[in-house]
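Novice: next come a sequence and a model predicted from it.
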Amino acid sequence: MSDQFVKPGNQERGWNDPPQFSYGLQKDSCGQKRNVLNKRLHSPQLTGSGSGFPPTPLDGLPLPRDRKPPPMDGVTPPSICPSIPSDVTMMAESEPCIEDVQAPLYWALQACRHTVKKQICDDVERRLMLFENMWKSGKLSPLVKQRMHRLSQELKSKNWDTADEIHRGLMVDHISEVSQWMVGVKHLIAEARNLNPELLQTGDLGQN
């Protein structure tokens with residue numbers, strides 16, 4: 001019965017016989033692949049270094065001799081807070097005099113009485129008195145006092161636009177301090193701007 005089967009290596013195989021495989025060839029083939037896959041790959045060695053990592057630029061460099069650690073003798077480090085501006089320091093140290101501030105304002109008010117309605121002038125005067133009372137009672141900050149001094153000086157020099165700009169800045173930045181009397185200063189600037197130049201003679205500045 002064994003003669004009916006085609007033995008391995010027999011060239012006379014039937015048409016329906018399964019293909020013959022050589023276990024030895026498969027073993028050799030698999031063995032070669034395993035050897036390739038199991039082969040350990042070594043990282044390239046860099047010249048001048050015993051490890052696989054590239055040397056850093058600081059490797060082997062000596063520390064500078066003139067570099068010393070910061071002193072730790074209890075000296076306070078510099079403050080990171082911004083320094084106070086010089087103009088704010090000046091405001092805190094030298095407060096303007098209320099008389100120097102009021103004199104140009106009352107001069108402009110006196111000039112306005114020639115052409116402006118009495119009711120308007122009286123209201124402006126009442127608000128200037130309120131401004132003076134708040135100044136003397138300590139209800140105004142040094143910055144407001146300094147700005148009002150600048151405003152009165154610009155009014156004295158007939159620089160209407162600059163005086164009005166200072167007025168608007170005070171209304172924006174210090175509304176809680178100036179809201180009760182600044183409207184009188186606003187009317188005073190507007191009315192003095194429209195006065196006849198003959199009523200604003202330089203020799204009359206600062207005189208009530």
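Specialist: Nice, thanks for sending it over.
Novice: going by C-alpha atoms from here, please, whenever you check contacts or count neighbours.
Specialist: Noted.
Novice: which residues of the chain fall in helices?
Specialist: For the chain, the helices defined by DSSP state H cover 23-37, 86-93, 98-112, 118-136, 142-156, 160-173, 175-178, 182-193.
Novice: same list (those) but as TSV, adding mean pLDDT and mean neighbour count.
Specialist: Converted to TSV, these look like this (pLDDT from 0 to 100; neighbours: other Cα atoms under 10 Å):
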stretch	mean pLDDT	mean neighbour count
helix 23-37	51	11
helix 86-93	51	12
helix 98-112	94	21
helix 118-136	96	16
helix 142-156	95	20
helix 160-173	95	16
helix 175-178	94	15
helix 182-193	94	20
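Novice: what residues are up against the closest residue to Arg147 other than its chain neighbours?
Specialist: Nearest non-adjacent residue to Arg147, counting by Cα to Cα, 6 or more residues apart in numbering: Ile166, 7.0 Å away. Ile166 is in contact with Arg147, Met148, Arg150, Leu151, counting by Cα atoms under 8 Å, 6 or more residues apart in numbering.
Novice: do Gln153 as well
Specialist: Counting by Cα under 8 Å, 6+ apart, Gln153 has contacts Val101, Pro104.
Novice: how near is it to Asp164?
Specialist: 12 Å (Cα to Cα, to the nearest Å).
Novice: Leu109 too?
Specialist: From Leu109 to Asp164 the distance is 16 Å (Cα to Cα).
Novice: likewise for Glu132?
Specialist: Relative to Asp164, and taking Cα to Cα, Glu132 is found at 20 Å.
Novice: what does Glu125 give?
Specialist: Glu125 is 18 Å from Asp164, by Cα to Cα.
Novice: how about His174, nearest residue that isn't a chain neighbour?
Specialist: Val144 is the one closest to His174 (Cα to Cα, 6+ apart), at 7.5 Å.
Novice: and that neighbour, how far from Asp164?
Specialist: Taken as Cα to Cα, the span from Val144 to Asp164 is 15 Å.
Novice: swap in Ala192?
Specialist: Relative to Asp164, and taking Cα to Cα, Ala192 is found at 11 Å.
Novice: now swap in Ala108 and tell me
Specialist: 14 Å.
Novice: check Ser94 too.
Specialist: Applying Cα to Cα to Ser94 and Asp164 gives a distance of 24 Å.
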